[in-house]
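Undergrad: just coords:
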């Protein structure tokens, strides 16, 4: 790793996660080249170079690869062909294996179960017969999801009644699907693990996440958990990262289930990237998830995930941004906006980290 | 003030201060256009737009002004004509008055004295006779400085002996000069004041600054001061900002002199911009000096200068950057590099905020 002249970090995807990765790279003096198909990508504004191109434009990918030292991505749905193409030219980190697993809900659950990690019961569904057989096992309600390309609740439908089965399958529009049994969880958490090129690991304190309309609204740290549960989450995340020989920040979304024997964890999904539930790290940790991801893929020391205050991260979604001026007046509110040029309902415009306990000096 | 579409902040100067202002603007979702004459300006790498132009290129300044909503600057030696030209087109903040005062050491000291603020004794020097007359008043040693365009010790010479007078004046190369009496200070501090468009004021805790070879090496917070002295510094900075109807971050460098009656303050110079002695604010304050400056010039609430840890900021100068990997391993070291493409002796490459007391949660 050389700092002078600075490495160039290539980022696939130009949304807010790419933007925050670019800002973190800048703080380390590194250069950034963002590739994304949208001409008004928020990350372009803070990157020294950008390419507007489709992810399947191999000529553009080759030019991009020639200009960067390492490639990363802000989203898990990078087309497998694009990732494989780039991987032949420059290191792609976190890596192809993580993308493969995270892109397909069926592979993901099989992979997790293979590590001894509990998931919801699941069944591959291609036909109505598959679906009916699956529902007979899971009971009701259950959730039918496309195996690929789902996010923020898109591509999924709840099946509360056997009579819903046919309509549910139709909603999959012929795509391979997965039926997941209902998990009677008491809360949702996530574990964020940073893993270096050398295998070193840092785990952030576990946030407790609240979703509304399938979109993350708040992440609160610390989560209300038994200490053993927090330790189990950290161990689980570390195991997943090691199994993928992962480099960078990995998030695993988890359900907490309360039973007679106490709390247990059920893994929901893997995000092979920086994650919305880690945005609080920017305000209260020695090294934010964004900086740690950049350090990892650049082959630098991870630094520390140490946290020094309690915090609630709140997403600013759509019209929430009307509160910005009021928030800017509030000392405990650390505001981060993404520079999007227009407000749309449901659009993530920014977030605010509410510092709940900032020890006085 | 409107957030959507985001305001465009124009920055004159593309060094590390411009770069850190651009990064702070990005965190607020604002857009940035940097104008600087150097093609490899570090701030260009993190700005959505940039112009390479001389500060006296009025055609370029006019195009720049047409594309931005407000203009600020990272250095006080913006040519007066350029600032006046831009000020007719778009708001220039902190403003012309502050530039006028800060660009000329003689105006600066007269302005400070006019506010009842003590400075070193000083004498305008154009001739050897002026210099000899001045030295008769100040005694020895004294310091002869060019009135304009000095920084980091450039354009100044110490006069330890009357026999040095002629050579000292020759070193001014015919430029108007100022003789300053020696101040027997015990320490150097600075006060950083944020002032909003509405006149609201926030003052950061006072750092204690150590220079070597006329270049800032460390700023430590809190400074070792009597509480009355810290209060006096804050009051002094607030008075200067109000007198200039200032908008943004203002720094005043101060000497602390210990006398029989306790500590007293002697003002050294005014920096009408974000300041190297405020880089620690990024790690330990609710709002960094960079973000507060951007908020102020954008007409937004200043937020809070509240500090939540003790800290020592260390500049990484020239070969100091060889320590970067070691520093990145140190949890208490928050590293910020400026993305400069080559290391040169005496060049400010980055800084590190050493967190001295990070309260545990």
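TA: Yep, that arrived. As the structure is a prediction and not an experimental result, all values here were calculated from the model. Residues are numbered from 1 along each chain as shown, chains lettered A, B, ... in the order given.
Undergrad: gap between the closest residue to residue A:175 other than its chain neighbours and residue A:155?
TA: Leaving aside its sequence neighbours, residue A:175 sits nearest to residue A:146 (C-beta to C-beta, 6 or more residues apart in numbering or on different chains; 4.6 Å). Yep, even glycine has a C-beta here, placed from its N, CA and C like the rest. With distances taken as C-beta to C-beta, to the nearest Å, residue A:146 is found 4 Å from residue A:155.
Undergrad: Need the overlap of contacts for those two.
TA: In terms of C-beta atoms under 8 Å, 6 or more residues apart in numbering or on different chains, residue A:146 and residue A:155 are both contacted by the residues A:172, A:175.
Undergrad: longest helix in chain A, by residue count?
TA: Identified as the longest helix of chain A according to DSSP state H is helix A:227-243.
Undergrad: hmm, who's touching that one?
TA: The contact list for helix A:227-243, computed with C-beta under 8 Å, 6+ apart, reads A:111-112, A:115, A:117, A:189, A:191-193, A:195, A:199, A:201, A:203, A:205-206, A:222-223, A:225, A:246, A:250, A:252, A:254, A:256, A:262-265, A:267, A:270.
Undergrad: Now the residue nearest to residue A:53 when sequence neighbours are not counted: phi and psi?
TA: Leaving out its chain neighbours, the residue that sits closest to residue A:53 by C-beta to C-beta, 6+ apart is residue A:60, at 3.4 Å. Main-chain torsions, residue A:60, degrees, to the nearest 10: phi -70, psi -40.
Undergrad: what does residue A:123 give?
TA: Main-chain torsions, residue A:123, degrees, to the nearest 10: phi -140, psi 130.
Undergrad: Would you mind confirming that it is in contact with residue A:136?
TA: No: assessed by C-beta atoms under 8 Å, residue A:123 is found out of contact with residue A:136, at 9.6 Å.
Undergrad: quick one, which of those two is more surrounded?
TA: Neighbour count, other C-beta atoms under 10 Å in any protein chain shown: between residue A:123 and residue A:136, residue A:123 has more, with 20 against 10.
Undergrad: Would you enumerate the residues in contact with the more buried one?
TA: A:130, A:133-134, A:137-138, A:178-179.
Undergrad: Could you tell me which of the contacts of helix A:227-243 count as buried?
TA: A:111-112, A:117, A:189, A:191-193, A:195, A:201, A:203, A:205-206, A:223, A:225, A:246, A:250, A:252, A:254, A:256, A:263, A:265, A:267, A:270 (16 or more other C-beta atoms under 10 Å in any protein chain shown).
Undergrad: Take those residues and keep only those in strands.
TA: A:189, A:191-193, A:195, A:201, A:203, A:250, A:252, A:254, A:256, A:263, A:265, A:267, A:270 (DSSP state E).
Undergrad: and residue A:208, what are its bridge partners?
TA: Beta-bridge pairing for residue A:208 (DSSP bridges): residue A:189, residue A:220.
Undergrad: List the contacts of residue A:268.
TA: A:119-120, A:183, A:188, A:252-255.
Undergrad: Around chain B, which positions in the stretch 201-350 of chain A sit nearby?
TA: Residues of the stretch 201-350 of chain A lying close to chain B (C-beta under 8 Å from any C-beta of the partner chain) are A:286, A:295, A:300-301, A:303-304, A:306-310, A:321, A:324-325, A:328-329, A:331-332, A:334-343, A:349-350.
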